[in-house]
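1. only geometry, no sequence info:
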DNA sequence: TGAAAATTATGACGCCGCGTCAATAATTGA
DNA sequence: TCAATTATTGACGCGGCGTCATAATTTTCA
């Protein structure tokens, strides 16, 4: 029984090794470069052994995405736990998104791969469910902040929008801007020099538009965001470091 | 010389045929299913002939994306030409995005393929430039509406944002929500039942937040959007039909 | 018009990655 | 100790990529 457990642990450990080997290949050279033969060669195992762990490379990508999304969730939790007015806690989650995209850029890139239909459809429902769960948990963290804002009367949501639909707007604008920034050919050429600043301003306007207290003018918001971003950064870095060493 | 022209036209025509054959394969079965052998077989030409037209399949995808973006641009132009207050013209462009995503879903899907790093990086700079140009033109159409709004004093942009950065916010939220709607596992499960409606409300709030006249409350905006969407639809359909028959 | 030159079409070829599976090795249990 | 179970291996068949020598067609020009 002890021996069995040891063996099982070895196998589990190797699964992790596979992911460690695969991640830089996927991120730096793309999906096409990630081949089972190459992973096997890099680990000095036979290809068949790799197939004992993952039925195809798409499943490796999903497994990596699950890890990446777990890191995102931890950052969201850290941000949501910040001691500040609820509106500022939402801003902190925005900072978490910025941190994730900038300082966990490999994970950000991996998250995008699972939006590829081929990768998604080929994968097991078990891992798909894990992804969905993680996405739901991230959403729940943000929603809880909105609910807290409503509960404390800092935000009034009329019946037009649920808290989740409210969150969806910020999700869309943040996600959309980050994808465009990462993949749109030459934003600068069409006159968008500082997309992050522009999106911060839009989020401020949107929050003010919903009258989420305290109302802030653009300059106050940008200053607060910058200050917040700086002060919360070390927390994020710690969470990130812990995530990578576990 | 006449003969030469005839031959050249035949070749050009065949390039189009290749795109016609490739499009449904790419859209319905994905990038992996699009193989040069298959295109050649479907057209009853030898593979080498296909390679005379496109150096690899990535270039076919980019060529398809150029066509798709041209359709988007035409829809934007149609919307921007709508006879209405500038704020409503911007809404009309939003309707164009919705129409494109819903009723030109193949083209919408193709546009996303070029965000794939492998596809983009492998393609010729000539086609990349065409894409960039088309994206710039779309941006210019939307910007022109914003500039018109500013010129007519319906919108006041303080120095915090340029017109392009203003547009970027709507681009991000619209694009982001459409990508999430198309690719995010089970939005409904996390409580977002009608993403389009939610995003319309957010856009309304954002426009109101910037005080773009005429200010509309949520219900008025939703009604106006619905009405606009219906009345402009036949124009969009006409543009779409023309695009496909040319 | 007819033959040489230029252009275009063909598909077999070498290479690579996928996923399989029969054979082999290692581990377990009694 | 040895049979049963489990894990590992890598050769194999398949299919797609992109090439290129060869064949077919078209153009040029005398």
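-> Cool, the structure landed. Please read all numbers here as calculations on a predicted model, not as lab measurements.
2. Show the contacting residues for residue A:110.
-> By CB atoms under 8 Å, 6 or more residues apart in numbering or on different chains, the residues touching residue A:110 are A:23, A:26-27, A:61, A:64-65, A:68. All C-beta spots, glycine's among them, are computed from the backbone N, C-alpha and C.
3. In contact with residue A:63, which residues?
-> Contacts of residue A:63 (CB under 8 Å, 6+ apart): A:15, A:19, A:54, A:127.
4. Which single one of those is nearest to DNA strand D?
-> If you rank the contacts of residue A:63 by distance to DNA strand D using CB to the nearest atom of the strand, residue A:15 comes first, at 10.5 Å.
5. so, in contact with chain B or not, the helix or strand hosting residue A:12?
-> Using DSSP states H and E, residue A:12 sits within helix A:2-29. No: for helix A:2-29, no contact with chain B is found by CB under 8 Å from any CB of the partner chain; the gap never falls below 9.3 Å.
6. from the chain's centre, how far out does that helix sit?
-> Between the centre of helix A:2-29 and the centre of its chain there are 22 Å (CA atoms, centre = their mean, to the nearest Å).
7. And the following helix or strand past that helix, what's buried?
-> Per DSSP H and E, helix A:2-29 leads on to helix A:36-43 as the next helix or strand towards the C-terminus. Neighbour counts over helix A:36-43 (16 or more other CB atoms under 10 Å in any protein chain shown) mark A:36, A:38-40, A:43 as buried.
8. ok, so of those, who is nearest residue B:205?
-> residue A:39 (48.1 Å; CB to CB).
9. Next, the contact list for the closest one, please.
-> Contact partners of residue A:39, counting by CB under 8 Å, 6+ apart, are A:18, A:21-22, A:25, A:50, A:60.
10. pretty sure residue A:152 contacts residue A:145?
-> No: taking CB atoms under 8 Å as the definition, residue A:152 is not a contact partner of residue A:145, at 10.8 Å.
11. who has more neighbours, those two?
-> residue A:145 (24 against 11; other CB atoms under 10 Å in any protein chain shown).
12. Let me know whether the host helix or strand of that one sits next to chain B.
-> Assigned by DSSP H and E, residue A:145 falls within helix A:125-151. Yes: Helix A:125-151 is in contact with chain B by CB under 8 Å from any CB, via A:128, A:131-132, A:135-136, A:139-140, A:143.
13. Under the pLDDT cut-off, which ranges of chain A? List them.
-> By pLDDT under 70, the low-scoring segments of chain A are A:1-5.
14. How about it: which residue is closest to chain B?
-> Ranked by CB to the nearest CB, the top residue of chain A for proximity to chain B is residue A:176, at 2.3 Å.
15. wait, that residue sits on residue B:179?
-> Yes: in this structure, residue A:176 is within contact of residue B:179 by CB under 8 Å, at 7.0 Å.
16. Which one of those two is surrounded by more residues?
-> A direct count of neighbours by other CB under 10 Å for residue A:176 and residue B:179 places residue A:176 higher, at 24 against 21.
17. so where does that one fall, helix or strand?
-> Residue A:176 belongs to helix A:163-183, assigned by DSSP H and E.
18. next SSE after that helix?
-> helix A:195-209.
19. Tell me the buried residues in the helix or strand just after that following helix?
-> As assigned by DSSP H and E, the chain's next helix or strand after helix A:195-209 is helix A:218-245. By 16+ other CB under 10 Å, the buried positions in helix A:218-245 come out as A:218, A:221-222, A:224-225, A:228-229, A:232, A:235-236, A:239-240, A:243.
20. from those residues, which are also near DNA strand D?
-> Applying CB under 7 Å from any atom of the strand to the buried residues of helix A:218-245, one finds that nothing falls near DNA strand D.
21. Greatest separation within those residues: which pair is it?
-> A:218 and A:243 (34.0 Å).
22. on that earlier part again, among the contacts of residue A:39, which are within reach of DNA strand D?
-> Restricting the contacts of residue A:39 to those near DNA strand D - CB under 7 Å from any atom of the strand - leaves none.
23. wait, which of those is closest to DNA strand D?
-> Using CB to the nearest atom of the strand, residue A:50 is the member of these that lies nearest DNA strand D, at 8.3 Å.
24. one step back: helices or strands next to the helix holding residue A:145 in the packing?
-> Helix A:125-151 is packed against helix A:57-80, helix A:86-103, helix A:163-183, with contacts defined by 3 or more CB pairs under 8 Å, 6 or more residues apart in numbering or on different chains; DSSP states H and E.
25. just checking, what packs against the last one?
-> Contact partners of helix A:163-183 among helices and strands, from 3+ CB pairs under 8 Å, 6+ apart: helix A:86-103, helix A:105-113, helix A:125-151, helix A:195-209, helix B:163-183, helix B:195-209.
26. Could you check that helix and say which residues are buried?
-> Neighbour counts over helix A:163-183 (16+ other CB under 10 Å) mark A:163-181 as buried.
27. ditto for the longest one
-> Residues of helix A:57-80 classed as buried under the neighbour-count rule (16+ other CB under 10 Å) are A:57-76, A:78-80.
28. Also compute the angle for it relative to helix A:2-29, please.
-> Here the directions of helix A:57-80 and helix A:2-29 differ by 90 degrees (axes from the mean of the first three to the mean of the last three CA atoms, to 10 degrees).
29. what's the domain layout of chain A?
-> Split into domains by automatic domain parsing, chain A comes to A:1-54, A:69-245.
30. who wins for proximity to residue B:119 among the ones you listed?
-> Shortest separation from residue B:119 across the domains of chain A is recorded for domain A:1-54, at 9.9 Å, computed as CB to CB.
31. How many neighbouring residues does the closest residue in space to residue A:135 that isn't next to it in sequence have?
-> For residue A:135, ignoring the flanking residues on the chain, the nearest one in space by CB to CB, 6 or more residues apart in numbering or on different chains is residue B:185 at 6.5 Å. Residues within reach of residue B:185, counting by other CB under 10 Å, total 16.
32. For residue B:185, grab phi and psi.
-> Phi and psi for residue B:185, reported as degrees, to the nearest 10, are phi -60, psi 110.
33. Please report the distance of the one residue sitting closest to the centre of chain A from DNA strand C.
-> Nearest to the geometric centre of chain A sits residue A:72, at 3.9 Å (CA atoms, centre = their mean). Distance, residue A:72 to DNA strand C, by CB to the nearest atom of the strand, to the nearest Å: 27 Å.
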